[in-house]
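S.K.: Just the structure for this:
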Amino acid sequence: MRLSGKKILLTGANGGLGRAIAEKSLTEGAHLALCEKTLELAERAKAALPDSTNSIALAANITDEKAVQAMVEQTISELGGLDGVVNNAAMLADEDAMPADTPLKSWQDTLAVNLTGAFLVYKHALPHLLTQQSGSLVTMSSVVAHSASAVPQIAYTTSKGGLEAMTREIAIAHARDNIRANCVAPGPVLTERTARYFDSDEKWQARRKHIPMGRLGRPEEIAALVCFLLSDEAGWQTGGIYRADGGISAAYLVDDSKGGSEIP
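M.R.: You can find the predicted model right below:
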């Protein structure tokens with residue numbers, strides 16, 4: 001119960017990673033605000049939990065500053081405080097591709113959600129954390145911030161790199177305020193959202209050879225790392241980028257002769 005009694009705000013709560021983080025956080029004793037862009041999605045995330053007793057469902061368009069401010073205030077009011085934030089909301093546009101081929105709107109929409117949205121959440125959460133002189137912020141980045149994707153996605157990759165820079169800046173700015181800020185950078189994880197990238201043997205073999213461990217990540221593996229960083233056990237960790245990618249960002253070449261798992 002390393003998060004016993006801690007009040008956590010989680011954005012992107014209805015995605016595969018969001019649900020895993022929510023379930024693990026509640027198992028560890030947290031009280032959770034499940035935040036999504038619509039109340040229907042937030043309620044769906046809550047309904048998917050084995051036990052949603054200590055959770056509330058909230059809606060906000062995180063590109064709208066007033067909506068974000070209201071979401072943070074509602075979280076503090078209904079949970080009775082705020083001890084941590086997990087910025088997990090993200091988008092990957094279908095048109096996000098090579099730099100010359102990506103429409104400006106796709107670029108702008110992606111950065112608005114992935115980067116500006118995270119900034120707005122922190123902007124309105126930090127004053128409360130500063131008042132109490134404690135808190136933990138966890139930002140969900142991606143392996144593509146370290147090893148550019150073989151499948152071009154210029155806006156998504158740029159947004160994740162920006163998130164890591166922003167998180168480091170926050171970490172140093174508030175290190176003496178007892179507020180910690182860290183990033184988790186997952187590699188490919190099997191969720192409902194990502195399944196389409198691995199739904200044939202041809203697609204899986206093309207990806208597998210780039211993963212030293214020869215398999216996809218599991219949402220619960222990422223959730224365990226997030227919950228550790230939220231907890232007091234990680235009290236000396238700030239400004240860190242924690243890669244959970246099966247060795248992808250550490251590799252130069254992968255020995256694929258040993259094979260790996262079949263299609264997940």
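
S.K.: Tell me the span between the first and last residue of stretch 230-239.
M.R.: Stretch 230-239 has its terminal residues 13 Å apart, counting by C-alpha to C-alpha, to the nearest Å.

S.K.: now that stretch: mean pLDDT?
M.R.: Averaged over stretch 230-239, pLDDT sits at 97.

S.K.: What of stretch 19-33?
M.R.: Stretch 19-33 comes out at a mean pLDDT of 97.

S.K.: Looking only at the lowest-mean-pLDDT helix or strand in the chain, what residues are buried by neighbour count?
M.R.: Each helix and strand of the chain was given a mean pLDDT (mean pLDDT, DSSP states H and E); the minimum falls on helix 201-208 at a mean of 80. Residues of helix 201-208 classed as buried under the neighbour-count rule (16 or more other C-beta atoms under 10 Å) are 204, 208. (C-beta placed from N, C-alpha, C; glycine too.)

S.K.: what does stretch 145-164 give?
M.R.: 145-147, 153-164.

S.K.: Narrow those to those in helices?
M.R.: 154-164 (DSSP state H).

S.K.: Now the element after the least confident helix or strand of the chain, going C-ward?
M.R.: helix 219-230 (DSSP states H and E).

S.K.: Contacts for that following helix, please.
M.R.: 2-3, 6, 8, 16-17, 19-21, 23-25, 28, 30, 84, 86, 136, 138, 140, 180, 182, 184, 186, 189-191, 234, 237, 242, 244 (C-beta atoms under 8 Å, 6 or more residues apart in numbering).

S.K.: Note down every partner strand of the longest strand anywhere in the chain and its orientation.
M.R.: Criterion DSSP state E: the longest strand present in the chain is strand 179-186. Using DSSP bridges, the strands paired with strand 179-186 are strand 135-140 (parallel), strand 241-244 (parallel).

S.K.: Columns mean neighbour count on top of those strands, output as TSV?
M.R.: Below are the strands paired with strand 179-186 laid out as TSV (neighbours: other C-beta atoms under 10 Å):
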stretch	mean neighbour count
strand 135-140	26
strand 241-244	19
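
S.K.: follow-up on the earlier one: which of the ones in helices among the buried residues of stretch 145-164 lies closest to L92?
M.R.: Checking these against L92 by C-beta to C-beta gives Y156 as the nearest, at 4.9 Å.

S.K.: burial of the nearest residue to the closest one once chain neighbours are set aside, as a residue count?
M.R.: Of all residues not flanking Y156 in the chain, L92 sits nearest, at 4.9 Å (C-beta to C-beta, 6 or more residues apart in numbering). Applying other C-beta atoms under 10 Å, we find 17 other residues in the vicinity of L92.

S.K.: L92: what's it in contact with?
M.R.: Per C-beta under 8 Å, 6+ apart, neighbours of L92: 110, 153, 156.

S.K.: list the contacts for the first one?
M.R.: So that's T110. Each residue near T110 by C-beta under 8 Å, 6+ apart is listed here: 91-93, 96, 155-156, 159.

S.K.: That concludes my questions; thank you for your assistance.
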